[in-house]
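Engineer: when you get a sec, could you give me coordinates for this:
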Amino acid sequence: MTSIFVNIATTDLERAKAYYTALGCEVNPNFTDDNAACLVWSDEIYFMALTKEYFSTFNDKEFADPKTHAQVLLSISRDSRDDVDKTIEAGVANGGTAPGDPQDYGFMYSRDLIDPDGYGIQFLYMDPVAAEKGPEAYMAEQAQA
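Structural biologist: Okay, here's the model as predicted:
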């Protein structure tokens, strides 16, 4: 099994834990202390929210402020368009921002969410048929229906 651990630096660990649990993550207490919190999205996807000081012990590079520098675009799927919207609403209600308009491609719906530290995540729903067959085949089927 392959798992993904995304390490993010935070200026406020308690705020990060509250924010991500509001989006549906669970905190794994076995890997959480005063320096870090393990935020569980699923059995394979985890965010490690690390204090900036602790984050810097894993890397010799200069810290790039996520509010001013793009580092990576993360996309996390949801089970429906409604789940995408609910996730965005929970994020905004807990200190995040939702820049831009929703992107609706017919087969895929996505929205962006920026956390209080400036990290961006795109939440998306893709129709399972489009995911299986590809967007062109899905759109061609929809045009014939």
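
Engineer: C-alpha only now, for contacts and for neighbours.
Structural biologist: Noted.

Engineer: ok, residue 139 to residue 105 distance?
Structural biologist: 10 Å (CA to CA, to the nearest Å).

Engineer: could I get the full set of helices for this protein?
Structural biologist: Using DSSP state H, the helices of the chain run over 13-22, 52-55, 81-93, 128-133, 135-144.

Engineer: for the ones you listed, give me CSV that also has distance to residue 119.
Structural biologist: Putting the helices of the chain into CSV (distance: least, CA to CA, whole Å) gives the following:
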stretch, distance to residue 119
helix 13-22, 11
helix 52-55, 14
helix 81-93, 12
helix 128-133, 26
helix 135-144, 28
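
Engineer: that older thread, compare neighbour counts for residue 139 and residue 105 and give me the winner.
Structural biologist: Neighbour count, other CA atoms under 10 Å: between residue 139 and residue 105, residue 139 has more, with 16 against 11.

Engineer: ok, the more buried one to residue 127 distance?
Structural biologist: Separation of residue 139 from residue 127 (CA to CA): 11 Å.

Engineer: mind listing the shared neighbours of these two?
Structural biologist: Counting by CA atoms under 8 Å, 6 or more residues apart in numbering, the residues touching both residue 139 and residue 127 are residue 107.

Engineer: and residue 40, what does it touch?
Structural biologist: Contact analysis of residue 40 by CA under 8 Å, 6+ apart lists 25-28, 46-47.

Engineer: contacting residues for residue 119?
Structural biologist: Per CA under 8 Å, 6+ apart, neighbours of residue 119: 66-67.

Engineer: I meant residue 126, not that one.
Structural biologist: Contacts of residue 126 by CA under 8 Å, 6+ apart are 77, 80, 107-109.

Engineer: and it, bridged to which residues?
Structural biologist: Applying DSSP bridges to residue 126 gives these bridge partners: residue 108.

Engineer: confidence score at it?
Structural biologist: pLDDT, residue 126: 92.

Engineer: beta partners of the residue positioned nearest the centre of the chain?
Structural biologist: Nearest to the geometric centre of the chain sits residue 121, at 3.9 Å (CA atoms, centre = their mean). Taking DSSP bridges as the rule, residue 121 bridges to residue 74, residue 113.
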